[in-house]
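Visitor: Okay, structure incoming, though there's no sequence with it:
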């Protein structure tokens, strides 16, 4: 029985470490995206993904490394608040970019669906 409990604990530790690494890799990828993406709208998408999913993965991983009831409640609150605020922040960044006249960089100029629909509107 003791061996079974030890195996379960080591599985939690391994899973926790993998989730922390996955979250860190997501942050690294988003950081590269912020440097390489060409317009503010794509950059805000990269930031929002990293903020929402990356932080959530790291927090769940840390919880698995040291599980407790108090940490579980803090985890739920932190993940919910992070998911809510990262999406709102991304929308605010994209709106600010739009209102200041930031240009959308397209691979093919014919792909701008908003421009073609606004031209045909009365």
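Guide: Received, thanks. Bear in mind that the values here come from a model prediction, so they are computed numbers and not experimental data. Numbering: from 1, shown residues only.
Visitor: Just the buried positions in the biggest helix by length in the chain, please.
Guide: The residue-count maximum for a helix in the chain (DSSP state H) belongs to helix 2-36. Judged by neighbour count using 16 or more other C-beta atoms under 10 Å, the buried positions of helix 2-36 are 16, 19-20, 22-23, 26-27, 30, 33. Where C-beta positions appear, they are placed from N, C-alpha and C, glycine not excepted.
Visitor: Show me what that helix packs onto, helices and strands only.
Guide: helix 40-49, helix 55-65 (3 or more C-beta pairs under 8 Å, 6 or more residues apart in numbering; DSSP states H and E).
Visitor: quick one: contacts of the first one?
Guide: Think helix 40-49. Residues external to helix 40-49 that are found in contact with it (C-beta atoms under 8 Å, 6 or more residues apart in numbering): 26, 30, 33-34, 37, 86-87, 89-90, 93-94, 97-98, 102, 104-105.
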